[in-house]
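K.L.:
What follows is a predicted protein model with its sequence.
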Amino acid sequence: MSDSVGEFVTPPPAEPGDRVAVIAPSSGAATVYPDVFDLALERLRDRFDLDPVVYETAEADPDRLRENPEMRAADVHEAFRDPDISAVFATIGGDDQIRVLKHLDGDILRENPTRFFGMSDNTCLASYLWTRGVVSFYGGQLLNQVGVSGEFPEYTDRYLRRALFEESVGELEPAAEWTDDAVEWGRDDYREASPEYEPTDGWHWDLPDEQSGETVSGRLWGGCLTVLQWVLATNRGLPDPEALDGAVLALETSEELPSDDEVRRILTCVGERGLTERFDAVLVGRPQTRNREREYSDEERERYRTDQRTAIREWVRAYNPDVPIVFDLDFGHTNPTAPVPIGGCVEVDTDERSVRFPGA
């Protein structure tokens, strides 16, 4: 396992007009879906007034990327080292970023802290940065979130702006509507086609009686649950257990739709590694409930949400009976989304039912 190095640092915010790096530290999809990639770049330029610099990996063939974890690590190093780059965006996730971590130089990243935006498989890099004391942002990924089809969600705009340009994300609020109805990336009318949004019912607070009225604070660690199991299995980018004392765990699941049994098994491993008992709160992202493999009924989707919530509650509480859990926050694989700071401070107020990211 890796030790955290010194105090945590939140990289300085970007400013309008700044250059930002676009890299593919996981898999490659920009060449497969150029229209989605172009839309994401246009939004960085036109909506956020940023100057995206596209690195070699972002335009590389997917097979070449998979064969070259060293090349992906080199782009991470180059983007962080460049003094003219104020933020780094991942194009997309994948399933093998764990192979990149052994090629990273933690001293380079620690000495050149830069705001990194990515999710899903980029959980690996976020956890690695955590061990080096560098705050990163789980969200703001280009193809999934910046390049979402139809009208750009105001909620995503609001929180991505804070994560980019401000010292802190501030108080998080529930989104009014959400979707996991991803428009097919290969469609000719992708830009105009809007996914079907549906109303949210807010967050779900699950609190032991003795936790009501308390405020829990700590540093956020976690990401995509499926990817965290690879971090656990390899011991790459995994903090020492003692470094997680008093931290807050962030969990969410992907379009692979892991069953409640799969969620239980992974959480059992987290618990048996002696990690679950160390967290003072757990934040759970709203789960994706369908993918492109088949049609899902509303009843199936609701059952999936309920079964996952039950599995998380039971298998977190099996190791940490008194921990407060907040379900259905807007981070992860659904849209809209708020980038949450991995390694950043978070305050969970069980009395006011609020979640705040105060910065520092």
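P.N.:
Done, it's in. Numbers count the residues shown, from 1 in each chain.

K.L.:
For the longest strand that the chain contains, buried residues please.
P.N.:
Taking DSSP state E as the criterion, the chain has its longest strand at strand 215-224. The neighbour-count check on strand 215-224 (16 or more other Cβ atoms under 10 Å) flags Val216, Gly218, Arg219, Leu220, Trp221, Gly222, Gly223, Cys224 as buried. C-beta here means a position set from N, CA and C on the backbone, and glycine is covered the same way.

K.L.:
quick one, what contacts the residue nearest to Val100 when sequence neighbours are not counted?
P.N.:
Nearest residue to Val100 in three dimensions, chain neighbours excluded: Pro69, at 4.5 Å (Cβ to Cβ, 6 or more residues apart in numbering). Neighbour list for Pro69: Asp96, Arg99, Val100, Lys102, His103 [criterion: Cβ atoms under 8 Å, 6 or more residues apart in numbering].

K.L.:
With Leu39 instead?
P.N.:
When contacts are counted by Cβ under 8 Å, 6+ apart, Leu39 touches Gly147, Ser149, Tyr190, Arg191.

K.L.:
Wait, the second one touches Arg191, no?
P.N.:
Right, the one you point to is Ser149. Yes: between Ser149 and Arg191 there is a contact at 6.3 Å, judged by Cβ atoms under 8 Å.

K.L.:
More neighbours: those two, which one.
P.N.:
Ser149 (21 against 15; other Cβ atoms under 10 Å).

K.L.:
Got the phi and psi for the nearest residue to that one once chain neighbours are set aside?
P.N.:
Computed as Cβ to Cβ, 6+ apart, the closest residue to Ser149 that is not its neighbour in sequence is Val183, at 4.2 Å. Here is the backbone geometry of Val183 (degrees, to the nearest 10): phi -70, psi 140.

K.L.:
give me the number of residues near Val183?
P.N.:
Quick note: Val183 (other Cβ under 10 Å) scores 19 neighbours.

K.L.:
Now do it against Leu142, distance only.
P.N.:
For Val183, the distance to Leu142 (Cβ to Cβ, to the nearest Å) stands at 16 Å.

K.L.:
before we move on, back to that, compute the distance between the residue nearest to Val100 and Arg305, please.
P.N.:
35 Å.

K.L.:
Then Arg115?
P.N.:
Arg115 is 32 Å from Arg305, where distance means Cβ to Cβ.

K.L.:
Compare the two and say which one has the larger neighbour count.
P.N.:
The neighbour comparison of Arg115 against Arg305 (other Cβ under 10 Å) goes to Arg115, with 25 against 17.

K.L.:
Check the spacing between the most centrally placed residue in the chain and Pro16 real quick.
P.N.:
Nearest to the mean C-alpha position of the chain, by Cα atoms, centre = their mean, lies Tyr138 at 2.8 Å. Here the criterion is Cβ to Cβ. By it, Tyr138 lies 23 Å from Pro16.

K.L.:
One more: Thr91?
P.N.:
22 Å.

K.L.:
Those two: which has the busier surroundings?
P.N.:
The residue with more neighbours, out of Thr91 and Pro16, is Thr91; 32 against 10, by other Cβ under 10 Å.

K.L.:
The more buried one and Thr289, how far apart?
P.N.:
Using Cβ to Cβ, Thr91 is found at 25 Å from Thr289.

K.L.:
same question, Ala338
P.N.:
Ala338 is 19 Å from Thr289, where distance means Cβ to Cβ.

K.L.:
Between these two, point out the one with more neighbours.
P.N.:
Using other Cβ under 10 Å, the more surrounded residue of Ala338 and Thr289 is Ala338, with 26 against 20.

K.L.:
Which parts of this protein are helices?
P.N.:
34-46, 62-67, 69-81, 106-111, 123-131, 154-165, 225-234, 260-272, 298-317 (DSSP state H).

K.L.:
Which among these is found nearest to Val282?
P.N.:
Nearest to Val282, of all these, is helix 298-317, at 5.6 Å by Cβ to Cβ.

K.L.:
Distance from the chain centre to the closest one, please.
P.N.:
Put simply, helix 298-317 sits 20 Å off its chain's centre (Cα atoms, centre = their mean, to the nearest Å).

K.L.:
That one versus helix 225-234: what angle between them?
P.N.:
Going by axes from the mean of the first three to the mean of the last three Cα atoms, to 10 degrees, helix 298-317 is angled at 30 degrees with respect to helix 225-234.

K.L.:
Which strands and helices lie in contact with helix 298-317?
P.N.:
Packing contacts for helix 298-317, counted by 3 or more Cβ pairs under 8 Å, 6 or more residues apart in numbering; DSSP states H and E, involve helix 260-272, strand 281-285, strand 325-329.

K.L.:
can you do 10 Å?
P.N.:
Under the contact criterion of 3 or more Cβ pairs under 10 Å, 6 or more residues apart in numbering; DSSP states H and E, helix 298-317 touches strand 204-206, strand 248-252, helix 260-272, strand 281-285, strand 325-329.

K.L.:
what mean pLDDT does the third one have?
P.N.:
Just to be clear, that refers to helix 260-272. What helix 260-272 shows for mean pLDDT is 98.

K.L.:
Pull out the buried positions in that helix.
P.N.:
Judged by neighbour count (16+ other Cβ under 10 Å), helix 260-272 contains these buried residues: Asp260, Glu262, Val263, Arg264, Ile266, Leu267, Val270, Gly271.
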